[in-house]
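**Q** show me how the following folds:
(2 chains)
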There are 2 protein chains.
Amino acid sequence: MKRITRWQRSCLTLLVGSLLATPAVATQPVLDANASDPRVMGWMQGFPPAADKQVDFSNYLRFPRTRWAFSHVRELLPTVAVGRGNGTASTLVAAPRNEIDELVFPLADGSSMTWNESLAANYTDGIVVLHRGQVVYERYFGALQVERPHMAFSITKSFIGTLAAMLVEEGALDDQAQVSHYVPELKDSGFGNATVRQVMDMTTAIRYSETYSDPTAEIWEYSRAGNLIPRPADYAGATSLYDFLQKVEPEGQHGEVFAYKTVNSDVLAWIVQRATGTSFAELLQERIWSKLGAEQDAYIVVDQVGTQFAGGGLNASLRDMARFGETMRNNGRFNGQQIVPEAVVADIRKGGDPAKFAPAGYATLPNWSYRDMWWVSNNEHGVFAARGIHGQTIYVDPKAEMVIARFASNPVAANGANDPISLPAYAALAAHLMKQRQ
Amino acid sequence: MKRITRWQRSCLTLLVGSLLATPAVATQPVLDANASDPRVMGWMQGFPPAADKQVDFSNYLRFPRTRWAFSHVRELLPTVAVGRGNGTASTLVAAPRNEIDELVFPLADGSSMTWNESLAANYTDGIVVLHRGQVVYERYFGALQVERPHMAFSITKSFIGTLAAMLVEEGALDDQAQVSHYVPELKDSGFGNATVRQVMDMTTAIRYSETYSDPTAEIWEYSRAGNLIPRPADYAGATSLYDFLQKVEPEGQHGEVFAYKTVNSDVLAWIVQRATGTSFAELLQERIWSKLGAEQDAYIVVDQVGTQFAGGGLNASLRDMARFGETMRNNGRFNGQQIVPEAVVADIRKGGDPAKFAPAGYATLPNWSYRDMWWVSNNEHGVFAARGIHGQTIYVDPKAEMVIARFASNPVAANGANDPISLPAYAALAAHLMKQRQ
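**A** Coordinates of the predicted model:
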C-alpha cells in the first residue's frame, strides 16, 4: 500500500504542478516531510531570498513551496481581516499527554504506525488535540507557529455553512427559497432554480469539475477568476468569483445526489451577504470570532474586486480552529456564551442523507453525509468534521469528548491521500483518550 | 489663497491620476472632504459592488478612491503582519476636550479657520490628540474606524530610522560604515560609497526623482518594481524593490545636502536586515509593537518577492500611532518600560543640520532638519514629526506635552498641501492646551 500511495502522490503532484506553472520533471521524487521542511528548503531566507528560494504568486501552490506558502498566504495575496476584538483570549488549559506520540494504530493494509509517525507521513504543519476542553497535545512543524494563521482551505466552507444555518434558524434566511430569490444574477445559471438548502448541502446539479488532475476542469478557470493563480497573457475568462458563478451551467436534477463542488460555498456566501447586507468576514467576526476569545485575527483571501473566497480562503491560527471545534462539540457553547444555537449544531450533527452521499464514491468515508457544509460520519461516536484540501481538518468526536484541529501541506491535493492514515489515527486517539480517563 | 490651493489640487490630482491609469477629465473639479466621503461615494458597497463603485489594484491610488483604499490596503496588496502579541492593550485614558472643535487659528494669508474646519479642509480620515498622555480629542471620518489600520506612507520611514538608530546605539550597526559593507549588491550603485549615517539622514547624492507630477521620475519605476501600481504589458523594468535599488546612479557628493528620496529608507531596511538577520516587520514587532501594548496588529506592504516596503508600506491603527508618538515624547518610555533608548530619542530631537536641509526648499518648514528619518523643527517647542504623503503624521510637541496622530487622504500627494493649514492648527492647539492647563 505504501508504494501505491507514494506513486499516487508523485503522479498527482506532478499533474498539479504542471497545471499551475512550469512543467515538473517526471522522474522527480516527492520529498518526505523532513526533507520538504521549509526551513530545510530555505524558502524566503535572506534579504532578498536567492532566486531559487523565492516563493511568489507564480509558484506558491507548487509543492514543496506550499509548505512555506500555506503559513504565509497574506504575503502572497490580498486579504481581508476577521478581527478577534480587543478582549482577552479565552483560556485553553494545557494538560499534555506525551504518551500520545507512541500510540500505535493499525492501517487498513494490516501494517501499523505510531501517532508521531503519522504526523510526518501526512505532512502535518501543526496539530492541536483537545480532550474535555484541555490541550492534551500540540505540535508545530516547519513554517507554522502558534500565533501564525495557516490556510484552512475548505474548512472555510463549514464556517459559511454554519453562519447560513444560524440565519435559517433565526428566520433571516429561507432555505427553501430558490437561489435566484436572493441573487437574481444567478437566475440563468445552473444555480438559479436550486434551493438554498440544496446549495447548503451541495446537492445542486451543475456542470463543474473539481478534478485537479484534469486541466480542463472548471476549478482552474475558477481559480484564475478568483486571482488565486496567475492568468495567461491571453486570458479571456471570468475576472471575479461572482462573474464565474453566473456562467456555471446546469447538469442534471437538483437534490438527487451530493456532489462536492466549491462553487456552492461561494453561492451560499453570495446569498448570505445579500440576505444580511453584511460581508462574510464581518459576519464571521461579529457572530463567531469575537465571541470565541480567539487569540489571533483571522483573514480571508479576496479576489480583485474584494469578493471574499468562501470556498476556501480562510486563514486562522490552529488554536482558534480548536476553539471553534470545541464550540461545536459543546453544542455551540464556549467562552461563557452560546455562540452557535444548539439547534444548529443538532442540525449539522444529524447529517445529510447517506444515500445521496454514497454515489460520490468516497472510499474512505463509508456511510458519511454532508450537511450545512460539514462532513458527518453518522458513526457511533457521532464524529463530524470540517475538511480542507492538503489535509486541513477540524475533527469533532463528541463521544470521546475530543476535538482535533490540524493544518497540513500534503503534496496531494485530495483528502483521499490523508484519510487512510489520518482517520485511523484520530479513531485510535479517541479510543485511547476514552480508555485512559475512565 | 483658497483659489490657488484648489487649482493646485486639481492640477496635481489630474497629473497623478493620469500617470496611474486612465486619463482624468481636465475640467473635473476636485471633490471636497464631505463630497468625497467614501460612504457618500458608495465605494465597495454591495455584493459585488457595482462596476463603477469598485476599488481595485488598477485604480486605488486615484482620488477619490484613495479615501476608501487607504483604510483597506491589505484588501488590495499582499502584506506581512506586525503582531501586537497576546497581552492586553495599554490604557489610553479618554479626557475629551470638546472645545477644541471651535478653536480658531490664523492662516498665513491672514484668514482664519476653526480646528473642526481644518479637518475637512485637509481630508482628515482620523485624528487622535494626546495631552499629557490622555486622549483629549479623537475623531474618525469616512472609511476609517478605531480598530482599522490606515496606510501610514512615509511615517514608515521614521520606524526604520528609529530601529536603525537603536542598533547604532547598541553597537550592532556602524553608522560610519559604507553601505556596501552591509549590502555588497549596492557597491556599484549610487549608494555604495555612502555611509549608513548619510542614508539615515538622507544626505546621499543619487539620481532619483520623487516628483509625482513628472512622468519620467524614478518614483514611478520604483512603484512598479514594488508592485504598488500595475505594470504595462511591455514592462521591462525592475521587478522588486531591491532590484531597482541596485540600478540607482550616483549624482553629486554624499553628505552635502538633505534630499528626500524614499529609496534611502529601503536601503536602510536592507542594511538593518542584513546586520541583524531579522526582517523589518519582525524587528518592529519584537522591539516596538509588542511592547507598546498596541491595540491592533499592524502590517507592511510587500513586493512580489516579499520585500517589506520600508519607504512607505506600514499600515496601523491611529491609536497605536499615538502610542508610539507618546513613547517618543516620553524619551522612549511607555507602557511601563523603556522601549526606545533615551539616547536615541535625544539623537533624533537634536536634529540634523538645518544648513543642509535648507536647500531642499520646503517653504512650510523653515529651519527644520531631518535626522534618523524624522522631521525635526528645531523650534522652541522642540517639535519633531513623522510625516507621510497625503497628510499622515505623528506630531510630537514636547513643550506642550502634546502628541497628534493623524491619517488623511488629501488628494494632493505632497505635504506642502497640508502644512499651510495643519502646522498652524497644531501650533494653535499646542498653545491652547498649554494655556488651559496652567
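
**Q** what about the nearest residue to A:Lys350 once chain neighbours are set aside, distance to A:Asn122?
**A** Closest residue to A:Lys350 apart from its sequence neighbours, by CB to CB, 6 or more residues apart in numbering or on different chains: A:Arg371 at 6.8 Å. (Each C-beta comes from the backbone N, C-alpha and C, glycine too.) For A:Arg371, the distance to A:Asn122 (CB to CB, to the nearest Å) stands at 26 Å.

**Q** again with A:Val179
**A** With the distance defined as CB to CB, A:Val179 ends up 36 Å from A:Asn122.

**Q** also A:Met402?
**A** According to CB to CB, A:Met402 and A:Asn122 sit 18 Å apart.

**Q** and A:Pro96, by the same measure?
**A** From A:Pro96 to A:Asn122 the distance is 21 Å (CB to CB).

**Q** name the residue in these two with the higher neighbour count.
**A** More crowded of A:Pro96 and A:Asn122, by other CB atoms under 10 Å in any protein chain shown: A:Asn122, with 24 against 12.

**Q** now do the strands in the stretch 301-438 of chain A.
**A** A:314-316, A:333-334, A:337-338, A:369-371, A:374-376, A:384-388, A:392-397, A:402-408 (DSSP state E, counting those that start in this stretch).

**Q** in CSV, list those strands along with mean neighbour count.
**A** Formatted as CSV, these follow (neighbours: other CB atoms under 10 Å in any protein chain shown):
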stretch, mean neighbour count
strand A:314-316, 30
strand A:333-334, 20
strand A:337-338, 12
strand A:369-371, 24
strand A:374-376, 25
strand A:384-388, 25
strand A:392-397, 27
strand A:402-408, 28
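
**Q** for these, give me CSV that also has mean pLDDT.
**A** Shown next, in CSV, are these (pLDDT from 0 to 100):
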stretch, mean pLDDT
strand A:314-316, 98
strand A:333-334, 98
strand A:337-338, 98
strand A:369-371, 98
strand A:374-376, 98
strand A:384-388, 97
strand A:392-397, 98
strand A:402-408, 98
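
**Q** so which bits of the stretch 201-350 of chain A are right by chain B?
**A** A:233, A:240, A:242, A:270, A:273-274, A:279, A:295, A:297, A:299, A:302, A:304-307 (CB under 8 Å from any CB of the partner chain).

**Q** in helices, which of those residues appear?
**A** Here DSSP state H is the test, and these give A:242, A:270, A:273-274 as lying in helices.

**Q** sketch out the low-pLDDT regions of chain A for me.
**A** A:1-28, A:436-438 (pLDDT under 70).

**Q** residues touching the residue of the stretch 251-400 of chain A found nearest chain B, list them.
**A** Of all residues in the stretch 251-400 of chain A, the one sitting closest to chain B is A:Gln273 (4.2 Å; CB to the nearest CB). By CB atoms under 8 Å, 6 or more residues apart in numbering or on different chains, the residues touching A:Gln273 are A:279-280, B:47.

**Q** show me what from the stretch 51-200 of chain A comes close to chain B.
**A** Counting by CB under 8 Å from any CB, the stretch 51-200 of chain A sits next to chain B at A:54-57, A:74-81, A:83, A:86, A:88-89, A:147.

**Q** just the buried residues out of those, in PyMOL syntax.
**A** In PyMOL, this line selects whichever of these come out buried by 16 or more other CB atoms under 10 Å in any protein chain shown:
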select buried, chain A and resi 54+55+56+57+74+75+76+77+78+79+80+81+83+89
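
**Q** gap between the two ends of stretch A:83-97?
**A** 32 Å (CA to CA, to the nearest Å).

**Q** from the chain's centroid, how far away is it?
**A** Distance of stretch A:83-97 from the chain centroid (CA atoms, centre = their mean, to the nearest Å) equals 22 Å.

**Q** which other residues reach that stretch?
**A** The contact list for stretch A:83-97, computed with CB under 8 Å, 6+ apart, reads A:130-131, A:133-138, A:285, A:289-290, A:292-298, A:319-320, A:322-323, A:334-335, A:433, A:436, B:86, B:88-89, B:147, B:295.

**Q** please narrow these to those residing in strands.
**A** Cross-referencing the contacts of stretch A:83-97 against strands under DSSP state E gives A:130-131, A:134-138, A:298, A:334.

**Q** who are the contact partners of A:Ser209?
**A** Applying CB under 8 Å, 6+ apart, one finds that A:Ser209 lies in contact with A:216-219.

**Q** what are the ranges of the strands in the stretch 151-300 of chain A?
**A** According to DSSP E, counting those that start in this stretch, the strands that the stretch 151-300 of chain A contains are A:206-207, A:249-250, A:298-301.

**Q** in the stretch 1-150 of chain A, what residue is nearest chain B?
**A** Closest residue of the stretch 1-150 of chain A to chain B, CB to the nearest CB: A:Phe47 (4.1 Å).

**Q** surely that residue meets B:Arg274?
**A** Yes: with contact defined as CB atoms under 8 Å, A:Phe47 reaches B:Arg274; the gap is 5.9 Å.

**Q** more neighbours: which of those two?
**A** Neighbours were counted for A:Phe47 and for B:Arg274 using other CB under 10 Å; A:Phe47 has more, 21 against 17.

**Q** mind listing what the more buried one touches?
**A** Contacts of A:Phe47 by CB under 8 Å, 6+ apart are B:242, B:270, B:273-274, B:279, B:307.

**Q** identify, from those residues, the entry nearest to A:Asn34.
**A** Minimum distance to A:Asn34 across those is 25.5 Å, recorded for B:Ser279 (CB to CB).

**Q** for burial, what's the neighbour tally of that closest one?
**A** So B:Ser279, with other CB under 10 Å, has 21 neighbours.

**Q** what do you get for the one 3 residues further on?
**A** Other residues within reach of B:Glu282, judged by other CB under 10 Å, total 16.

**Q** same check, this time on A:Ala259
**A** For A:Ala259, using other CB under 10 Å, the count is 21.

**Q** was I right to think it contacts A:Val199?
**A** No: using CB under 8 Å as the test, A:Ala259 is too far from A:Val199 to be in contact (11.7 Å).

**Q** can you redo the ones in helices among the residues of the stretch 201-350 of chain A next to chain B as JSON lines with distance to A:Thr156?
**A** Below are those laid out as JSON lines (distance: CB to CB, whole Å):
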{"residue": "A:Tyr242", "distance to A:Thr156": "16"}
{"residue": "A:Trp270", "distance to A:Thr156": "14"}
{"residue": "A:Gln273", "distance to A:Thr156": "14"}
{"residue": "A:Arg274", "distance to A:Thr156": "19"}
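
**Q** residues near A:Val263, how many?
**A** A:Val263: 24 neighbours (other CB under 10 Å).

**Q** do the same with A:Ser90
**A** For A:Ser90, using other CB under 10 Å, the count is 17.

**Q** could you do the one 4 residues further on as well?
**A** By other CB under 10 Å, 10 other residues sit near A:Ala94.

**Q** distance of the residue nearest to A:Leu283 when sequence neighbours are not counted relative to chain B?
**A** Nearest-residue entry for A:Leu283: A:Leu163, 5.3 Å, with adjacent residues in sequence omitted and distances by CB to CB, 6+ apart. Remark: distance between A:Leu163 and chain B (CB to the nearest CB, to the nearest Å) = 14 Å.

**Q** how near is A:Leu163 to A:Ile271?
**A** For A:Leu163 relative to A:Ile271 (CB to CB), the value is 11 Å.

**Q** now swap in A:Gly391 and tell me
**A** 29 Å.

**Q** sorry, back to before: export the strands of the stretch 151-300 of chain A as TSV, with columns for distance to B:Arg406 and mean neighbour count.
**A** Listed next are the strands of the stretch 151-300 of chain A as TSV, based on distance: least, CB to CB, whole Å; neighbours: other CB atoms under 10 Å in any protein chain shown:
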stretch	distance to B:Arg406	mean neighbour count
strand A:206-207	51	18
strand A:249-250	53	14
strand A:298-301	27	26
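
**Q** perfect, that will be all.
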